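J.: predicted model, plus sequence, below.
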Amino acid sequence: GRAHVQWELRHGALERVRATVADLGEDLVVEGRDVARWSRTGDTLDVELNAPVGGRVELELRWSQAVPPGDEARLPVPRIEPDAWRSESSLQLARDGEIEVIPAAEDWTAVAAAELPPWGQGLVEGTPTAAYQRAGGTGAGHLELLRFIPVPGPPTVVDVAAYTMATTEEGRVLMKAYYEVRNDRGAHLTVRPPEGLHIIGARVAGETALPSRGDGEAWRIPLKRSLETVEGLLSFPVEVILIGEQAPWARHEQRELALPTLDAPIAASRVTLHLPPRYRSRLEEGEHNVVGSFGEGEGLTYGRGVGEVGAAEADALFQSAVEGYLDNDFAQAQAKLEQLEQLGVSNENMVRLQANLDVIEGKEGAKDKGDRTLERRVKEQAKARATDEFRQQEVLIAEAEQAASAGDYERAELQYQAAIEIGGKLAKLEQTESVEQDYRNEDLAVQLQSVSGKKDEKKKSKKGKLAGNRRSVFKSRDATTSSSIRYDADPSFDGDGDEDWDEEVGGDRGELTNVPRGPMPGSNLAPEPAPPKAAPQDGPASEVTLGLDAPPPDDVSIIDANGIEDPGPGTGNMVSDVVLEDMPLPEPEPEPEPMLQLESEMFARSRRQPVRRLLRVIGSRARERRTVKYKRAPARGLGRGRRGGAGSEAPSGDGAVFYDFADDGIDPSRTMPQDVEPAKSIERLAAPEVTASALSVVIPATGLTVRYEQLLLDANQTQTVTIDARRRRGR
């Protein structure tokens, strides 16, 4: 042990200091800058100083104490009480080596290591496990010492070996060996098949195994280490498939059938043999290990109520529960176990895994189920697997602090919440005497509350600014009034006129007003004569730009930039006679392949879009183009590819245009390639290579069934079953 003793003097000076020390080792050593000599009489420690010291006196104490033998021991908490008017004490424990130290300090208050005073930190050697503090001298208490001593035994044990075999009268054998293996420290399981059979596949814990060849036909199947629980090691399944051919069966058959040989002991072996069709066993129960039903090993398997397929499904679910536990996803592991219970299956492995989950969750009564040393090992192993979670929490805290510094309180709040959620899971992995993670979670909760408050203040401030801006806008709009209407009249035209929009300066909306085109009533303006109409021109229709108020001619229609015909005035279009001459016409796009393009959908789409309309006048033929747009065929071959030659016009009227490519002048030699070889036939692909180690089979039950059971087989011992069967006559 190690202790730091410190005296603080309010006034005066000391030539010596005194303290009461108890339960310290006999090899106590006292060191200090001001120490001249020291002596220990019983539980009293006297220290003589070099000279009178005022202000502060510091001593360093070191000692050791022998640990009693055995897997469990108890030592009192070292007691150090300085001779002073008022004192404070702290205690910090660490794990060193293979001994677990469990404190029982009722008079102490558990704190985090960061909460210890400066004079109480940095004293332990090893991994800190707990910290305590109290006002006054060292309180009473004791330390329980637990030493984990593994039980000696074989590195690998097979709890149950279940063999299922199907045979034929020709001597063929198909066998599936299913082993429940508990592996403590073994690297692999050696399986040697019997004569005439060979292994074609192997799986470990539901996953494809990658075995290696041993001596002869033996396979060395790699194993994983069993999960340690408070009630023992979990077993996992190892499945091996064998196939082969032996001597044909006689009408009255008597033979010894050997089973695979393992390099691990077997607690219980169960054999299910399906005889060839029309064969009947002559053995009675009790002869040559023949049984009517299996009795041993049911606690490790799923019992007689679950078939072969159901057992495979249950194995997959249980392995998912184990994987979730190893990933520290205890909720998933618990859900898988509950799903197995709903299916009506249970075994000892499920009970063992549930015991571990109860210890992690801290359920009442879980502490009394198993060894306390194993319970602590379960938590320590889970904590060691949580390295990524600890690192992820540190990253989240750093990101939250960075976001808070940048003023992004919403993101900082989310990061703190995620860190607290991870901290809640990590707190379950702490030992009962440790409050390190609880202290961190409380600190994160304080930070989260602070960030949430700042986020709310920021939102309120932003809403206040928006409300202020809105009030200022309303105030400026109320201060500005408008009651004028602007008329844009052209005295050159008379009649009813067209509709136009009013523009109110500072107003909220414009109203639709019928603006007269003639002189205003009561005005002295005389109407101007209308401009003369332009003479019609020969040839195709040309584009002309009208004046702002000039009406369109009768023989033309108004088309916008999207190809939409304007219905003219009086039909609800308020800007039909307006030409925006400041916008250039779009460049014509290259004409595509001959096609029939329906543009009704484009018309509907363009009418929904608020676009500025470019108006132009085209010839009278454009009025006939409604919903069908005729495209010219592109030039190819020797001609233009249009019907009727290069000088013909596109047909008018509604309908479809049919092209006759016979007179398009296309060179047939260019459309029909020469010397084209026929496609080569695709040869049949080679059959895929089957990976035997990934094979899993279901043994067919074609004949009568004979069951054998044998207990306690040693490693490298070959088990054989006796067959005595007779074939029935007829079908």
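T.: Alright, I've got the coordinates. Residues are numbered from 1 along each chain as shown.
J.: buried sites along stretch 385-399?
T.: 386, 389, 393, 396, 397, 399 (16 or more other C-beta atoms under 10 Å). The C-beta positions use only the backbone N, C-alpha and C, and glycine is treated the same way.
J.: apologies, that question was intended for stretch 57-64.
T.: 57, 59, 61, 63.
J.: tell me which of those fall in strands.
T.: Among the buried residues of stretch 57-64, the ones falling in strands (DSSP state E) are 57, 59, 61.
J.: show residues contacting whichever strand or helix holds residue 708.
T.: Using DSSP states H and E, residue 708 maps to strand 705-713. Strand 705-713 is contacted from outside by 161, 265-275, 281, 283, 288-296, 719, 721, 723, using C-beta atoms under 8 Å, 6 or more residues apart in numbering.
J.: please tell me how far residue 405 sits from residue 243.
T.: Going from residue 405 to residue 243 by C-beta to C-beta, to the nearest Å gives 69 Å.
J.: ok, back up a step: mind listing what's buried along the strand holding residue 708?
T.: By neighbour count on 16+ other C-beta under 10 Å, the buried set for strand 705-713 is 706, 707, 708, 709, 710, 713.
J.: same question, stretch 276-286
T.: By 16+ other C-beta under 10 Å, the buried positions in stretch 276-286 come out as 276, 278, 279, 281, 283.
J.: just give the closest residue to the last one, not the sequence neighbours.
T.: Using C-beta to C-beta, 6 or more residues apart in numbering and skipping the chain neighbours, the partner closest in space to residue 283 is residue 290 (4.8 Å).
J.: what's the spacing between that neighbour and residue 174?
T.: 21 Å.
J.: could you do residue 706 as well?
T.: Distance from residue 706 to residue 174, counting by C-beta to C-beta: 16 Å.
J.: one more: residue 40?
T.: 80 Å.
J.: those two: which has the busier surroundings?
T.: Set residue 40 next to residue 174 and count neighbours by other C-beta atoms under 10 Å: residue 174 wins out with 20 against 14.
J.: now the element after whichever helix or strand residue 388 is part of, going C-ward?
T.: Using DSSP H and E, residue 388 maps to helix 387-405. Using DSSP H and E, the helix or strand that follows helix 387-405 towards the C-terminus is helix 409-427.
J.: from the contact counts, what lies against that following helix?
T.: If you count contacts as 3 or more C-beta pairs under 8 Å, 6 or more residues apart in numbering; DSSP states H and E, helix 409-427 packs onto helix 387-405, helix 436-479.
J.: domains for this structure, by residue range?
T.: 2-147, 159-286+693-727 (automatic domain parsing).
J.: what angle sits between the helix holding residue 388 and helix 409-427?
T.: Orientation check (axes from the mean of the first three to the mean of the last three C-alpha atoms, to 10 degrees): helix 387-405 against helix 409-427 gives 160 degrees.
J.: around residue 190, count how many other residues there are.
T.: 21.
J.: looks to me like it is in a strand.
T.: Yes - Residue 190 forms part of a strand when assessed by DSSP: H, G, I helix; E, B strand; the rest coil.
J.: ok, now which ones touch it?
T.: By C-beta under 8 Å, 6+ apart, the neighbours of residue 190 are 214, 218, 219, 220, 221, 262, 263.
J.: so is the fifth one in a helix, a strand, or just coil?
T.: Reducing the assignment to helix, strand or coil with three-state DSSP, the entry for residue 221 is strand.
J.: numbering from 256 from now on, please.
T.: In the new numbering, first residue 256, that becomes residue 476.
J.: I figured it hits residue 464, correct?
T.: Yes - Residue 476 lies in contact with residue 464 (C-beta atoms under 8 Å); the separation is 5.3 Å.
J.: comparing the two, which residue is more hemmed in?
T.: Comparing residue 476 with residue 464 by other C-beta under 10 Å, the one with more neighbours is residue 476, at 25 against 22.
J.: any idea how far the more buried one lies from residue 408?
T.: Per C-beta to C-beta, residue 476 is found 20 Å from residue 408.
J.: hang on, the earlier thing: what do residue 476 and residue 464 both touch?
T.: In contact with both residue 476 and residue 464: 457, 493, using C-beta under 8 Å, 6+ apart.
J.: can you list the contacts of residue 445 in a markdown table and add pLDDT and distance to residue 492?
T.: As requested, the contacts of residue 445 are exported to a markdown table (pLDDT from 0 to 100; distance: C-beta to C-beta, whole Å):
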| residue | pLDDT | distance to residue 492 |
| --- | --- | --- |
| 469 | 80 | 21 |
| 473 | 86 | 20 |
| 474 | 90 | 16 |
| 475 | 92 | 18 |
| 476 | 92 | 12 |
| 517 | 94 | 14 |
| 518 | 92 | 18 |
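J.: list only buried entries from those residues.
T.: Listed as buried from the contacts of residue 445 are 473, 474, 475, 476, 517, 518; burial here means 16+ other C-beta under 10 Å.
J.: just list whatever residues bridge to the third one.
T.: Looking back up the chat, that one is residue 475. On the basis of DSSP bridges, residue 475 is bridged to residue 445, residue 467.
J.: ok, it to residue 468 distance?
T.: Distance, residue 475 to residue 468, by C-beta to C-beta: 7 Å.
J.: for residue 605, find the nearest of the helices and strands packed on helix 664-682.
T.: Each of the helices and strands packed on helix 664-682 has some distance to residue 605 by C-beta to C-beta; the shortest is helix 642-660, at 26.0 Å.
J.: remind me what the closest one packs against, helices and strands.
T.: Secondary elements touching helix 642-660 (3+ C-beta pairs under 8 Å, 6+ apart): helix 664-682, helix 691-734.
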